[in-house]
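Chemist: Okay, sequence plus prediction incoming.
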Amino acid sequence: MAILLPRVGSSPLDIYSKLGFKYTTRKIHKRLNNWSPTCSLFTGSTYACMSFEPENSRNFSIFSSLVVSPAEEETSISSEKRVYDVVLKQAALVKRGISTDLDVKPDLILPGTVPVLKEAYDRCGEVCEEYAKTFYLGTLLMTPERRRAIWAIYVWCRRTDELVDGPNASHITPSALDRWESRLEDVFAGRPYDMLDAALSDTVARFPVDIQPFKDMIEGMRMDLCKSRYKNFDELYLYCYYVAGTVGLMSVPIMGIACESKATTESVYNAALALGIANQLTNILRDVGEDARRGRIYLPQDELAQAGLSDEDIFNGKVTDGWRSFMKNQIKRARMFFQEAEKGVTQLSQASRWPVWASLLLYRQILDEIEANDYNNFTKRAYVSKAKKILALPVAYGRSLISPSSNKNMNLLYTK
């Protein structure tokens, strides 16, 4: 279980190769020989888990809290405060129009790089089209520059996800993720390793995107290596932020906020964060059986106990009245996050709203399908039919035309 990236029928090895982990470096070296070769992420070294578990705050109306101890000597801090600090930093960057904190700015305008960048972005678009068809269609309404940037971010997120969920996942260690993070820092410093990295490096040079959400996503991958249980929703919230809420923070600077919006920048980021959390909670509820077969339970242990359920019940996969009651509460929480997310979508620039509305509406329908399956997410996979997806697209498009000034339900987001 990791980020909210659509899966398709291709074989894992085919997906992995298409994400460029092997062949793209050789190809681009023929075009631009001053780039560093791709470093290997796979080693045989054993790994030791890095543990941490955040705590509580007051900044979010529906977000819970979590006690975390990142290091023995550090004082426990709130998970919400920890995440909210990142939100504030991203919002400040957008306001100032600063693309990154790093001293070294990307410098890709070299002889021969323009055609290489075009090819890099085109390749990102192909990956997005193949593995996120509905979202890809929505991006076609965006301006070309924003569309390409969203593709580049999507591909980086997918490659990161494949490290722990792909065919080579069993070989991934914390050290490998450390190297992936070091490679990310090089990308932000204008030193891409391969073609797909080049697209992201160019993107972060053009937009006020900060590196922290990208690093936090890698932190979520580290959690997946060593953590298979979550004591309470506080712990689960932090995990959901790491692997999915970060996507919202990465995307807002690219999507843009509507000029006529009266919402604060921070509130738009909060809504984007909520959408990521909602999508990941939906992933978790959809994939309970699949995760259980891998020995993982992404459900709050304390809430399972309160419902009279145990890990053994999850592994047995029997739908009981207790399970139905438990699932109703989990679905209610996910819908609360979707409601929170809705407040921010209308505040985005109009050309960017359609793919976000489509993602929100389609993912939320997965919750309806879980209910339609009588809460059997052990042996039945809830999915939205192609017909329902097609019907949702014009609805999403209609909502994307609603301007912030005409939306009557945005009072909570407006500056007081």
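Modeler: Noted; the coordinates are in hand. Numbers count the residues shown, from 1 in each chain.
Chemist: Strands along this structure, start to end?
Modeler: 67-68, 77-78 (DSSP state E).
Chemist: Name the stretch from the ones you listed where average model confidence is lowest.
Modeler: Mean pLDDT is lowest for strand 67-68 among the strands of the chain, at a mean of 31.
Chemist: For residue 137, grab the count of nearby residues.
Modeler: Neighbour count for residue 137, taken as other C-beta atoms under 10 Å: 14. Placement of C-beta: from N, CA and C, glycine included.
Chemist: er, residue 301 actually
Modeler: 18.
Chemist: next one: phi and psi at the nearest residue to it once chain neighbours are set aside?
Modeler: Counting by C-beta to C-beta, 6 or more residues apart in numbering, residue 231 is the residue found nearest to residue 301 once chain neighbours are left out, at 5.2 Å. The phi/psi pair for residue 231 (degrees, to the nearest 10) reads phi -60, psi -40.
Chemist: Tell me where the stretch 251-400 of the chain has helices.
Modeler: Using DSSP state H, counting those that start in this stretch, the helices of the stretch 251-400 of the chain run over 265-286, 288-292, 301-306, 311-316, 321-345, 350-372, 386-400.
Chemist: which of those is buried the deepest?
Modeler: Stretch with highest mean neighbour count among the helices of the stretch 251-400 of the chain: helix 265-286 (a mean of 25; mean count of other C-beta atoms under 10 Å).
Chemist: CA atoms of that helix as PDB?
Modeler: Taking Å, rounded to 0.1, in the frame of the first residue of the first chain, the C-alpha atoms of helix 265-286 are listed here in PDB:
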ATOM      1  CA  THR A 265      -3.300  30.400   0.100                       C
ATOM      2  CA  GLU A 266      -3.000  28.300   3.200                       C
ATOM      3  CA  SER A 267      -6.600  27.200   3.000                       C
ATOM      4  CA  VAL A 268      -6.200  26.100  -0.600                       C
ATOM      5  CA  TYR A 269      -3.200  24.000   0.500                       C
ATOM      6  CA  ASN A 270      -5.200  22.600   3.400                       C
ATOM      7  CA  ALA A 271      -7.900  21.500   1.000                       C
ATOM      8  CA  ALA A 272      -5.300  19.900  -1.300                       C
ATOM      9  CA  LEU A 273      -3.900  18.100   1.700                       C
ATOM     10  CA  ALA A 274      -7.400  16.900   2.600                       C
ATOM     11  CA  LEU A 275      -7.900  15.500  -0.900                       C
ATOM     12  CA  GLY A 276      -4.700  13.500  -0.700                       C
ATOM     13  CA  ILE A 277      -5.700  12.100   2.800                       C
ATOM     14  CA  ALA A 278      -9.200  11.200   1.500                       C
ATOM     15  CA  ASN A 279      -7.800   9.400  -1.500                       C
ATOM     16  CA  GLN A 280      -5.400   7.400   0.500                       C
ATOM     17  CA  LEU A 281      -8.000   6.500   3.100                       C
ATOM     18  CA  THR A 282     -10.100   5.300   0.200                       C
ATOM     19  CA  ASN A 283      -7.200   3.200  -1.100                       C
ATOM     20  CA  ILE A 284      -6.800   1.700   2.300                       C
ATOM     21  CA  LEU A 285     -10.500   0.800   2.700                       C
ATOM     22  CA  ARG A 286     -10.600  -0.700  -0.900                       C
END
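Chemist: Which elements pack onto that helix?
Modeler: In this structure, helix 265-286 packs against helix 79-96, helix 233-240, helix 246-255, helix 321-345, helix 350-372, with contacts taken as 3 or more C-beta pairs under 8 Å, 6 or more residues apart in numbering; DSSP states H and E.
Chemist: Residue 133: which of these is closest?
Modeler: Among those, the nearest to residue 133 by C-beta to C-beta is helix 350-372 (10.6 Å).
Chemist: And the closest one, what does it pack against?
Modeler: Against helix 350-372 (3+ C-beta pairs under 8 Å, 6+ apart) you get helix 133-139, helix 144-165, helix 246-255, helix 265-286, helix 321-345, helix 386-400.
Chemist: Redo these as JSON lines? Include distance to residue 224.
Modeler: Output for the helices and strands packed on helix 350-372, formatted as JSON lines (distance: least, C-beta to C-beta, whole Å):
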{"stretch": "helix 133-139", "distance to residue 224": "23"}
{"stretch": "helix 144-165", "distance to residue 224": "5"}
{"stretch": "helix 246-255", "distance to residue 224": "14"}
{"stretch": "helix 265-286", "distance to residue 224": "12"}
{"stretch": "helix 321-345", "distance to residue 224": "20"}
{"stretch": "helix 386-400", "distance to residue 224": "28"}
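Chemist: so can I have TSV of these showing mean pLDDT and distance to residue 212?
Modeler: Rendered in TSV, the data for the helices and strands packed on helix 350-372 read as follows (pLDDT from 0 to 100; distance: least, C-beta to C-beta, whole Å):
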stretch	mean pLDDT	distance to residue 212
helix 133-139	86	24
helix 144-165	94	14
helix 246-255	94	8
helix 265-286	95	12
helix 321-345	97	20
helix 386-400	92	29
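Chemist: between those, which gets nearest to residue 240?
Modeler: That would be, of these and by C-beta to C-beta, helix 265-286, which comes in at 4.2 Å.
Chemist: Output stretch 221-239 as CSV, nothing but the C-alphas.
Modeler: The C-alpha coordinates for stretch 221-239 follow below in CSV (Å, rounded to 0.1, in the frame of the first residue of the first chain):
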residue,chain,number,x,y,z
MET,A,221,8.2,4.8,1.6
ARG,A,222,10.5,4.3,4.5
MET,A,223,7.5,3.6,6.8
ASP,A,224,6.3,1.0,4.3
LEU,A,225,9.6,-0.9,4.7
CYS,A,226,9.3,-1.4,8.4
LYS,A,227,5.8,-0.6,9.6
SER,A,228,2.7,-2.8,9.0
ARG,A,229,0.4,-1.7,11.9
TYR,A,230,-0.9,1.7,13.0
LYS,A,231,-1.9,2.0,16.6
ASN,A,232,-4.5,4.8,16.0
PHE,A,233,-5.7,7.2,13.4
ASP,A,234,-3.1,9.7,14.5
GLU,A,235,-0.4,7.4,13.2
LEU,A,236,-2.3,6.6,10.1
TYR,A,237,-2.9,10.3,9.4
LEU,A,238,0.8,11.0,9.3
TYR,A,239,1.3,8.0,7.0
